[in-house]
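Undergrad: Sequence first, then the predicted structure, then my questions.
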Amino acid sequence: MKFTCNRDWIEIVGEIWWPMGLTCAQRIELRGYDIENMRDEDGNISRESIEDWVSSNSGDFSHVHDFCATIGEEVFGWNNEESKLTYLDCMFENN
């Protein structure tokens, strides 16, 4: 018997509401419902359609600077290397 496990996610870097202006990062595990809501009018998922979804579903973030998403076989990368480094610093800070 063979099982396949699909995991889709978005990694976000931005400012949170409180304390105001603090840069944070978050990884959101996506469900099928989330992915369906990311589709544009033509049923496609693009960086723009993901950005629209993120702006409506970013929770504690007052402003999202950048994101990276893995949905199925497609990877929507960071806009710049600085965002990736900021994400890694926030998520895996050395103590």
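TA: That came through, no problem. Numbering: from 1, shown residues only.

Undergrad: What are the buried residues along the helix or strand where Ser55 lies?
TA: Ser55 is part of helix 47-56 when elements are defined by DSSP states H and E. By 16 or more other C-beta atoms under 10 Å, the buried positions in helix 47-56 come out as Ser49, Ile50, Glu51, Trp53, Val54. (C-beta placed from N, C-alpha, C; glycine too.)

Undergrad: so which of the residues you listed comes closest to Asn80?
TA: For the buried residues of helix 47-56, the residue nearest Asn80 by C-beta to C-beta is Glu51; the value is 14.9 Å.

Undergrad: wouldn't the closest one be in contact with Phe67 here?
TA: Yes. Counting by C-beta atoms under 8 Å, Phe67 is a contact partner of Glu51 at 7.4 Å.

Undergrad: Quick check: neighbours shared by those two?
TA: Counting by C-beta atoms under 8 Å, 6 or more residues apart in numbering, Glu51 and Phe67 have no contacts in common.

Undergrad: re earlier: elements contacting the very next helix or strand once past the helix holding Ser55?
TA: Using DSSP H and E, the helix or strand that follows helix 47-56 towards the C-terminus is strand 61-71. On a contact count with 3 or more C-beta pairs under 8 Å, 6 or more residues apart in numbering; DSSP states H and E, strand 61-71 meets strand 8-16, strand 23-30, helix 47-56, strand 74-76, helix 81-91.

Undergrad: check contacts around the most centrally placed residue in the chain.
TA: A centroid search over the chain (C-alpha atoms, centre = their mean) returns Ile10, at 2.7 Å, as the residue closest to the centre. By C-beta under 8 Å, 6+ apart, Ile10 lies in contact with Arg27, Ile28, Leu30, Ile50, Val54, Phe67, Cys68, Ala69.

Undergrad: Next, find the distance separating it from Pro19.
TA: Distance, Ile10 to Pro19, by C-beta to C-beta, to the nearest Å: 23 Å.

Undergrad: just Cys5 next, same as before
TA: 37 Å.

Undergrad: Those two: who's more crowded?
TA: Of the pair Cys5 and Pro19, Pro19 is the one with more neighbours under other C-beta atoms under 10 Å, namely 7 against 4.

Undergrad: ok, back up a step: the helix holding Ser55: how far from the chain's middle?
TA: Its chain's C-alpha centre and that of helix 47-56 lie 9 Å apart, by C-alpha atoms, centre = their mean, to the nearest Å.
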